[in-house]
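Visitor: heads up, no residue letters with this:
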């Protein structure tokens, strides 16, 4: 059967509603434990949450499901998604579960699962767990949560690990950190202060409902204003579970995941550590990144959207660096997932060693105009089977003549067609986008 629960980043939905209702969450814990036991592993599972008000009860239900099948749980409390990934692979845990909906508002939540390797579960394993979840939730047994006690040693181990990856001390750097009222609200200030930086902290007072609310990686207006007001060297904003980070240079310029990839690739290449010269990113990374890498003898390898697919391609190619424009950046020497705090350490350390700011570090990246439109559709049909749409795409590609890029795809979770066009001329980009979107509305629109 096709997946109904697991998407590209675990199970996600509105807390309290299917698939994050108590019965399904309890069944998830039980099915995960059974999957681990069937593989011959000791079913000890790590659980962490971000700062959403629904996190503790969901954690209790997951733990209740695990314990109902004979497994044991350790609870990290509020910690980042990459923190759970690191602790799962470095500790005795057969699996780690992060309860978070990342950049979504507080009403949503999710279940992200890592194996002992620190990697997200392969599709086949998710399929098996999903099948059992539906079997278990249909039983008449009343789901019961398990009481949980936070193990404070876990986030200390993660912070110690992060500190060990820093390329340089940060004495003399003035930083502004926007924690998004999320999982990094305690950890990030402590980390950067421990490395000698002078730190101004924003949005580190979570109340269960203000996670990502007009702050963090998706809302950097406040960060830009604070960098200017504090005359800071740089600023960084994390999303709710701190697996992504977006930066602001001293000039106010936004430094997104593409710019971080360029700066990190240059550094790795200069050190002889970018074997093959390949950087892995998704189809959403700007054409400007591809052109900038090419000019410096490197190349961009593209994958479908999702850091899971970026990591799979990095492993396949043995590539040390990959990520997404949205700020998920994976330094494979250190991590198996995007880690906003680790990325900040690497970027600030590279800048410190080079003796320059983020403006200079990311120079040469010409961001091409990009337009993204979502169109609600009544069906998802191969675009090659819709002549009017295929004709508009082909016409735009011919007019671009290799100078631009067109991406039309369907959402994996919603009845939407997504049209993305980028190229050197904004008017041309907007024209091509409108023509393709109009064709989809006429032929397939809901």
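Guide: Nice, thanks for sending it over. Just so it is clear, the structure is predicted and the values come from calculations on it, not from any experiment.

Visitor: Next, the buried residues of stretch 218-225.
Guide: Residues of stretch 218-225 classed as buried by neighbour count (16 or more other CB atoms under 10 Å): 218, 219, 220, 222, 223, 224. Bear in mind the C-beta positions are built from the backbone N, C-alpha and C, glycine included.

Visitor: any idea whether residue 208 is helix, strand or coil?
Guide: Here residue 208 is recorded as coil under DSSP: H, G, I helix; E, B strand; the rest coil.

Visitor: Now for it: which residues touch it?
Guide: 51, 52, 53, 106 (CB atoms under 8 Å, 6 or more residues apart in numbering).

Visitor: Wait, a helix at the last one?
Guide: No. Under three-state DSSP, residue 106 falls outside any helix and is assigned coil.

Visitor: In contact with it: list those residues for me.
Guide: So residue 106 contacts 52, 53, 54, 208, 209, 210, 211, 212, 213 (CB under 8 Å, 6+ apart).

Visitor: For the residues you listed, which entry has the maximal number of neighbours?
Guide: residue 211 (32 neighbours; other CB atoms under 10 Å).

Visitor: where does that residue land on pLDDT?
Guide: pLDDT for residue 211: 98.

Visitor: one step back: among the contacts of residue 106, which pair sits farthest apart?
Guide: Farthest pair in the contacts of residue 106 (CB to CB) is 54 and 213. Separation: 15.2 Å.

Visitor: Identify each buried residue in stretch 406-424, please.
Guide: Buried residues in stretch 406-424, defined by neighbour count with 16+ other CB under 10 Å: 406-410, 416-423.

Visitor: Now do the same for it: mean pLDDT, whole number.
Guide: Predicted confidence along stretch 406-424 averages 89 (mean pLDDT).

Visitor: where's that stretch relative to the chain centroid, distance-wise?
Guide: 19 Å (CA atoms, centre = their mean, to the nearest Å).

Visitor: Residues contacting that stretch, please?
Guide: Residues contacting stretch 406-424 (CB under 8 Å, 6+ apart): 7-8, 283-284, 286-287, 305, 368-378, 380, 383, 389, 393, 396-397, 400, 403-405, 429, 432-433, 436-437, 440, 444, 446.

Visitor: cool, and stretch 84-98?
Guide: In this structure, residues lying in contact with stretch 84-98 by CB under 8 Å, 6+ apart are 10, 29, 32, 36, 39, 41-50, 62, 74, 76, 79, 81, 111-118, 154, 157-158, 161, 241, 335-337, 339.

Visitor: now swap in stretch 6-17 and tell me
Guide: 5, 19-20, 22, 28, 52, 54, 58, 98, 101-102, 104, 107-113, 120, 126-127, 129-130, 305-309, 412-413.

Visitor: So what would you say the end-to-end distance of stretch 159-173 is?
Guide: Length of stretch 159-173, first residue to last, CA to CA, to the nearest Å: 20 Å.

Visitor: residues making contact with it?
Guide: The contact list for stretch 159-173, computed with CB under 8 Å, 6+ apart, reads 86, 90, 187, 190-192, 194-198, 233-234, 331, 334, 339, 341-342, 345-346, 348-350, 352-353.

Visitor: mind listing the helices for the stretch 201-350 of the chain?
Guide: Per DSSP state H, counting those that start in this stretch, the stretch 201-350 of the chain has helices spanning 221-230, 257-270, 287-295, 307-317, 340-354. These are given in chain order.

Visitor: now for the ones you listed, which one comes closest to residue 138?
Guide: Closest approach to residue 138 among the helices of the stretch 201-350 of the chain (CB to CB): helix 307-317, 28.9 Å.

Visitor: Surely residue 383 touches residue 391?
Guide: No. Using CB atoms under 8 Å as the test, residue 383 is too far from residue 391 to be in contact (10.5 Å).

Visitor: more crowded one of the two?
Guide: Counted by other CB under 10 Å, residue 383 and residue 391 do not tie: residue 383 has more neighbours, with 20 against 13.

Visitor: what sits against the more buried one?
Guide: 389, 390, 393, 408.

Visitor: Just the ones in strands from those residues, please.
Guide: The strands, defined by DSSP state E, take in residue 408 from the contacts of residue 383.

Visitor: so which two of the contacts of residue 383 are the farthest from each other?
Guide: Farthest apart among these by CB to CB are 390 and 408. That separation is 9.5 Å.

Visitor: Kindly indicate which of the contacts of residue 383 lies nearest residue 360.
Guide: Ranked by distance to residue 360 (CB to CB), these are led by residue 408 at 36.7 Å.

Visitor: so where's the stretch 1-150 of the chain uncertain?
Guide: Counting by pLDDT under 70, the stretch 1-150 of the chain shows low-confidence ranges at 1-2.

Visitor: Is the residue located most distally from the centre of the chain in a helix, a strand, or coil?
Guide: In the chain, the residue that sits farthest from the middle, by CA atoms, centre = their mean, is residue 140; the gap is 36.7 Å. Three-state assignment for residue 140 (three-state DSSP): coil.

Visitor: And for the one 5 residues further on?
Guide: Following three-state DSSP, the label given to residue 145 is coil.

Visitor: Apart from its neighbours in sequence, what residue is nearest it?
Guide: residue 60 (3.3 Å; CB to CB, 6 or more residues apart in numbering).

Visitor: Would you agree the one you found is in contact with residue 148?
Guide: Yes. Counting by CB under 8 Å, residue 60 does reach residue 148; the two are 5.9 Å apart.

Visitor: Looking at those two, which is more packed in?
Guide: Taking other CB under 10 Å, residue 60 and residue 148 do not tie; residue 60 has more neighbours (22 against 19).

Visitor: coming back round to it: of the contacts of stretch 84-98, select the buried ones using a PyMOL command.
Guide: To isolate the buried members of those in PyMOL, using 16+ other CB under 10 Å:
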select buried, resi 10+29+32+36+43+44+45+46+47+48+49+50+62+74+76+79+81+111+112+113+114+115+116+118+154+158+161+241+335+336+337+339
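
Visitor: Count the neighbours of residue 123 for me.
Guide: 11.

Visitor: Actually, residue 255.
Guide: 24.

Visitor: Which residues are in contact with it?
Guide: So residue 255 contacts 246, 247, 248, 249, 347, 358, 362 (CB under 8 Å, 6+ apart).

Visitor: now, among those, which is nearest to residue 256?
Guide: residue 246 (5.7 Å).

Visitor: What is the neighbour count of the closest one?
Guide: If you count neighbours by other CB under 10 Å, residue 246 ends up with 27.

Visitor: from memory it sits against residue 327, does it?
Guide: Yes. Under the criterion of CB under 8 Å, residue 246 makes contact with residue 327 at 4.8 Å.

Visitor: Residues that sit against both of these two, list them.
Guide: With CB under 8 Å, 6+ apart, residue 246 and residue 327 have common neighbours 217, 256, 257.

Visitor: Need those in TSV (columns: distance to residue 320 and neighbour count).
Guide: Below are those laid out as TSV (distance: CB to CB, whole Å; neighbours: other CB atoms under 10 Å):
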residue	distance to residue 320	neighbour count
217	23	29
256	20	25
257	16	27
